[in-house]
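K.L.:
Give me a model of this one.
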Amino acid sequence: MTANVSSAPGGKPRALNREDFRVLGLSALGGALEFYDFIIFVFFAAVIGPLFFPPSMPEWLVLIQTFGIFAAGYLVRPLGGIVLAHFGDRYGRKRVFALSVFLMSVSTLAMACLPTYATLGIGAPVLLILFRMVQGAAIGGEVPGAWTFVAEHVPAGRVGLACGFLCSGLTFGILLGSLIATAVNWTFSPAEVHDFAWRIPFFIGGVFGLLAVWLRRWLHETPVFLEMKASRVTEDVLPLKIVLRDHLHGVIISGLLTWVLSAGIVVTTLMTATLLQKLYGHSALESLLATSFGTLFLIAGTIASGAIVDRVGSGRFFALAGPFFGVATWLFYSHAGGPLPVVFALYALMGLSVGMVGAVPYVMVRAFPAQVRFSGLSFSYNVAYAIFGGLTPVLVTTFLSVNPMAHAWYLLFIAALTTGLGLYLIARSDRVEGEIGLDRGTLAGV
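P.N.:
Presented below is the predicted three-dimensional model:
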């Protein structure tokens, strides 16, 4: 059996069929719900903190403790991703793919039902951090698992489009969290949000996540893994050991691309709403609307980037996407204090440029052979995201005290890094553009 290499007459990759679209749709839906569940905590941190810590605790310490619990989810991502990926390489992509959504859904639903400090005492924050860590473990396995799953299902010439579409689903989960948080605060009074309404978004995420688990039962194991199983290459191996011993080159390339991805998303999507208020004088509502508008174009950009990279290859794509990203981000932050129509228009342009992250998994799924793909991708992505995703806000806010355009300069550096990676990938394109089936040439084999 040869996986995802079927072609249409004339040697061109066949178009996506009904089964491919079902795989993509269910994968993107589950990814969106997982990202929604993971991110919704931060939108209600100010409400959750006082409910789960002693009333005598100073407000500043409560906020630090609350965001510490949020950060715990990020810190446990590498461990959760490595463990889930190990089983994904040994026992099947589908099982772990469903398990990650199940863990996320159950932990989110449990958080919706948690008793507060007034009822349970110290047990309340302990349980809160426990379930937050389960969320982190789940998200650590979801993203690399989803990329691996769809890449091994679709035709080889449509891997970029598939991964880009999946990235759009993950981004939509962030947007959905923002919109539902806004809706809850719009519908209920502050007292009602404090008393019960903060639980509603968690309950919604948990229930719909369980629905996604049920829907994913209709997915089939990837053809690549079935070929691995038939060839008995999944037996008596420790995937991560092989990754660290034989594929460090793939780990480095994937880690650098994850830096590009995390920096682009963290600064332009997660931090900019605050920057628009603190640095550029916009109201909270204006900033939220601008961020949501830009995120819509980011969603479109990830799909477009995936389709383009299938046609031009990863090297040429990133060599051109890097300068576009640098120009678009610099223009936006240089004029972000202007009239709202200008801000919205430039945010749309920046969102499209950040969409280049949709092409990142195109390279990463090729950076490791099928036998250790899940583990290699998960280790590289989660460790790099924990480092760079965690350091980016610290670096940007620290240097803002020195230069009010520090965030824009940081993104110019990321643009240069992206361009450099593109030029490097052009030089290695003879191996990067190979198949991703069993025992095919990969970037890691260079």
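K.L.:
Could you chop this protein up by domain?
P.N.:
Annotated domains of the chain cover 16-219, 233-446 [automatic domain parsing].
K.L.:
Residue 422: helix or strand, and which one exactly?
P.N.:
helix 406-427 (DSSP states H and E).
K.L.:
Enumerate the positions of that helix that are buried.
P.N.:
For helix 406-427, the neighbour count (16 or more other C-beta atoms under 10 Å) marks 406-408, 410-412, 414-415, 417-419, 421-422, 424-426 as buried. For the C-beta atoms, the positions are set from N, CA and C on the backbone; glycine is no exception.
K.L.:
Tell me the helices and strands packed up against that helix.
P.N.:
helix 248-265, helix 314-334, helix 390-400 (3 or more C-beta pairs under 8 Å, 6 or more residues apart in numbering; DSSP states H and E).
K.L.:
For the ones you listed, give me JSON lines that also has distance to residue 183.
P.N.:
Compiled in JSON lines, those are given as follows (distance: least, C-beta to C-beta, whole Å):
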{"stretch": "helix 248-265", "distance to residue 183": "23"}
{"stretch": "helix 314-334", "distance to residue 183": "27"}
{"stretch": "helix 390-400", "distance to residue 183": "26"}
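K.L.:
which one of those lies closest to residue 286?
P.N.:
Nearest to residue 286, of all the helices and strands packed on helix 406-427, is helix 314-334, at 14.7 Å by C-beta to C-beta.
K.L.:
Show me what counts as buried in that closest one.
P.N.:
314-322, 324-326, 328-333.
K.L.:
cool, stretch 286-298 as well?
P.N.:
Buried, per 16+ other C-beta under 10 Å, within stretch 286-298: 286-295, 297-298.
K.L.:
Tell me where the protein is predicted with low confidence.
P.N.:
For the chain, the stretches with pLDDT under 70 are 1-14, 59-71, 228-229, 231-237, 429-446.
K.L.:
about what we covered before: just want the angle from the helix holding residue 422 to helix 314-334.
P.N.:
170 degrees (axes from the mean of the first three to the mean of the last three C-alpha atoms, to 10 degrees).
K.L.:
by how many degrees do helix 406-427 and helix 390-400 diverge?
P.N.:
In terms of direction (the same axes, to 10 degrees), helix 406-427 departs from helix 390-400 by 130 degrees.
K.L.:
what separates helix 406-427 from the chain centre, distance-wise?
P.N.:
20 Å (C-alpha atoms, centre = their mean, to the nearest Å).
K.L.:
With stretch 249-264 instead?
P.N.:
Using C-alpha atoms, centre = their mean, the offset of stretch 249-264 from its chain centre is 13 Å.
K.L.:
what about the helices in the stretch 1-150 of the chain?
P.N.:
Secondary structure of the stretch 1-150 of the chain (DSSP state H, counting those that start in this stretch): helices located at 18-43, 45-52, 59-75, 77-91, 93-113, 117-120, 123-151.
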